[in-house]
Each structure stands twice: as structure tokens, then as C-alpha cells.
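1. Let me see the structure of the following:
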Amino acid sequence: MGRPRLVAAMVIIFTLGLAWSGLAHAQAASGWQAGAAVFSIAPRSQDLEDGLSLGGYDGGRVAVGIHTPITARALALTAGAERLLLLVLDLPGFDQELSARIRAEAATATGWPQDRIWVAATHTHAAPDLLGLWGGAPDGYRTLVRERAVAAAQLAVERLEPVELAMASFRARGLGENRRGWAFTDETLSLLVARRPGGPVVATLINAGIPPRVLGPENRWISPDWVGSLRAALEEWHGGTAFFLTGAGGDVVPAAAAEGFHGAMAFGIEVARRVDEALQGLLAGEGAIPWRALEPHLRVSVAELVLPVQSPAVLEAVEAGRVGYRLGRTGDLVTVTTWVGRATFGRGDARAEALTIPGEVVTRMGIQIRGLMHHPDGFIFSLTHDTLGVFLSWDEWMTGRHGHDEEAHSLGINGGVLLYQALSALP
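-> Coordinates of the predicted model:
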């Protein structure tokens, strides 16, 4: 073969190779990809010395030390050109200033749009108060949380790899008790699992309406509460990174057999055991709980939601500079602007949906919100985007249940109706 023909042949082979490589890359990019990362947000000694108040209970509880490290966990998911980055922080909540900075800096670090970066809190009542409602936290610790959350986001995106995605849901009976006197809770426990094709687990996401609050108001030690032992057990048994997001549990407490750290650990192991039974069925290809394999298709939508602030306590806290909410005023009307979101994983009947709540939602309203999903066994991501208190159905407002405690931690009577309308309008 002469040199010109040899060169031409090599060019053709090289071109075909590039085309094949591009096709393979396009095929891989069009499938599911996932990446996960964990960074500690446990306070340093100087943070504790500066004075860290624990959130969730009244009484000015100042942390005395760390029992179990708390974390910032990031889960990145892509399918084709669409993407979603979920950042879950072991905190009671966070103010709008902090969540906005985390989204903005994570967007810069990853190149992902801010509205595809969802920041959530587990709502443990044994972690520093970054809302400012229970004494607050020093600026140095707020900076640590922001930097570690952004680092987790960046690493999760860097770790993106091809995965298979599957979803399952079952009724987790007897795990929660309704403190507003209803004879029921939302017992739905939903799972989203990403694993390498035919291989090990990359990430497991657990969603249930049971907030991490076995540890009571007497506790002064920092901890993720029962969620810590849940995640540790699943990661030891199945590998990968475990995530927990609270569902419709704004009026629910864990039905723990014991109190304190022993009770928290035992409760987390019990939840892990039930999740493990479902995971065994997925990994073995059979089991009593049906799994839905999710076709690589991701759709994400977000919308702004403007809520009236009718609570005198919230207004007083904001005006005193304790809470970083971004308020708007039109005459006597005071409002706060937040987000709601919807994510759909898969297509057709074999799909899973997630709806976000910028705060907590009580049981009855959570069940109503499930009616907005194609499958009512989907995900309710509470305390996501913002932590703006408790949302209740209008017909449950000020009816004397639980001493109006949930109402006292709400923006007002109109919040639930406006939230439901905003979620129902999402495509």
C-alpha cells in the first residue's frame, strides 16, 4: 500500500474511532449517572468554645460536645442533559442567607444551574441552630458548613459514573406516632437506589415521614440522632453512601422503645433492618417488595412561591436580626419568597416522583400532596430549598390539636393552601 493510501486509511480508522468513541460517550451520557460524597460538618473546638446553640427545642441549649459527627452529603444524578444535585445537611434547618450562598457557590464549583441544586436538612434536633431561632451559631461555624457543603457538591459531580436506578416503596408500620391526636401517620417509606450496572451500590436514598428526634430537649450533645445509625448500618451492609430525607412528619415523633442515645441507635437499626429487607430483594432479583427499574429519563422543574408571613414570632425574629429570611413588604403585607420543586425519574408507569416542601408538612396534608403524584408512593422531600416552619391544611388550623404547637411554628393559615397550589402547578 502506498503512503498516500496508508495515510488515507489511517485517517478513516481514526475518524471512525472518534465517531465510535463519541457514540459510546453519548450513549453513556444518555443513561443514568450518579456520584456521591460526604464531608463532616462537625463543629471544631473553637466553634464549641464560641458557643453553639442546638436547634429544635426551646430552652437555649448550648452544645457541650460531639457524640456522633454530623455531615453534609451530596448526591448528583444525571440523565442526558438534565441533572439534579441534592445536598443533605444534618441540621435542624438553615436560613435563606445560608442556603442561597450554598447554592450559588456550588453552582460556581460544579457549573450546574442553581435551580438544579436542592439543599435540604434532615431536621435532627441535636445539631447546631443555623436558623437563629434557638440561639444561633457563630459566623465561623456557618462558614465551615457552607464550605463543606460546596466541597461535597463538587466531589459528587466529579464522581459521576454510569449507574442503574431503581425505586421501591412499602408501608413502615409502627415507626411513628402522631402527636396531633390522629390515629395514623404517613407510613410510606420510599427508596431510590443507584448501583453500578450489575454491581455494587453507589447510593441509597431513604425517605420517610419520621423526623430524627429521639433525642429530647435534655440532650446537649451533637448528633444526627437515629439517622446516624440508619446510614452507618446500610453503608456497612450494602456499601455506597446512604441518604435520609424527612417526609410528611411535621406532626410525627419516632415510636422509639427507649430514650437517649441507646434509643436513637436502636431505632435507626430497626429502620435499617426494614430497608435491608427491601434491598435484599433488589440485589437478589426477587422479593416481596416490588422494585421499579427506572428508564434513564430525568425531568426537573422549580417555581417560586410567595408566602405571607402572618406569624408575629417570625416577624419579631427577622426584625431582631436572628433569622436570615428575605422579606418583601407591600403596605402592611409581609411576604417571603421560596421555591418548590418536582423531579421525575423514569417514564410512563415505571417512574418515581419527588416533590419538595420548603419546611415541614403535617400528616394529613402530606397525604393530600401524594395525590399530586402519578404514583402515590413517591418522595416528599421536606425541609428542602428552605426551612420555613410547618405547613398545615386549612381545616386543621387552630383546632386545638397538640396545643397549637405546629401552628406556632408556621408562617400562617394561608401557607398550606398556597403550597398545595404551587405544587399542583408544577409540570
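
2. In contact with Arg347, which residues?
-> Contacts of Arg347 were listed using Cβ atoms under 8 Å, 6 or more residues apart in numbering, and they are Glu295, His297. Every residue, glycine included, has its C-beta placed from N, CA and C.

3. what is it paired to in the beta sheet?
-> On DSSP bridges, the residues paired with Arg347 through beta bridges are Ala350.

4. if I look at Val202, how far off is Gly239?
-> Val202 is 8 Å from Gly239, where distance means Cβ to Cβ, to the nearest Å.

5. Pro224 against Thr71, yeah?
-> Yes. In this structure, Pro224 is within contact of Thr71 by Cβ atoms under 8 Å, at 7.2 Å.

6. returning to that earlier point: who has more neighbours out of Val202 and Gly239?
-> Neighbours per residue (other Cβ atoms under 10 Å) separate Val202 from Gly239, with Val202 holding more: 24 against 15.

7. give the contact list for that one.
-> Contacts of Val202 were listed using Cβ under 8 Å, 6+ apart, and they are Ala34, Gly35, Ala36, Glu161, Val163, Ala194, Arg195, Arg196, Gly240, Thr241.

8. Let's see which of these end up in strands.
-> Judged by DSSP state E, the subset of those located in strands is Ala34, Gly35, Ala36, Glu161, Ala194, Arg195, Thr241.

9. who does the nearest residue to the last one once chain neighbours are set aside bridge with?
-> In space, Thr241 comes closest to Ala36 once its chain neighbours are excluded; the distance is 3.8 Å by Cβ to Cβ, 6 or more residues apart in numbering. Listed beta-bridge partners, Ala36: Leu75 (assigned using DSSP bridges).

10. check which helix or strand covers Val275.
-> Per DSSP states H and E, Val275 falls inside helix 260-284.

11. Can you give me the buried ones in that helix?
-> Within helix 260-284, the residues that qualify as buried are 261, 263-265, 267-268, 270-272, 274-275, 278-279, 281-282, counting by 16 or more other Cβ atoms under 10 Å.

12. if we can go back for a sec, adding distance to Arg220 and neighbour count, write the ones in strands among the contacts of Val202 out as JSON lines.
-> Compiled in JSON lines, those are given as follows (distance: Cβ to Cβ, whole Å; neighbours: other Cβ atoms under 10 Å):
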{"residue": "Ala34", "distance to Arg220": "37", "neighbour count": "26"}
{"residue": "Gly35", "distance to Arg220": "36", "neighbour count": "23"}
{"residue": "Ala36", "distance to Arg220": "31", "neighbour count": "25"}
{"residue": "Glu161", "distance to Arg220": "41", "neighbour count": "13"}
{"residue": "Ala194", "distance to Arg220": "37", "neighbour count": "26"}
{"residue": "Arg195", "distance to Arg220": "39", "neighbour count": "22"}
{"residue": "Thr241", "distance to Arg220": "29", "neighbour count": "24"}
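
13. wait, doesn't Arg213 sit right on Thr124?
-> Yes. With contact defined as Cβ under 8 Å, Arg213 counts as touching Thr124 (7.3 Å).

14. Need the residues touching each of those two.
-> Taking Cβ under 8 Å, 6+ apart as the criterion, Arg213 and Thr124 both touch Gly56, Asp225.

15. what about those two, which has more around it?
-> Shown here are Arg213 and Thr124; by other Cβ under 10 Å, Thr124 has more neighbours (31 against 24).

16. wait, the more buried one sits on Asn219?
-> No. With contacts counted by Cβ under 8 Å, Thr124 stays clear of Asn219, the gap being 10.5 Å.
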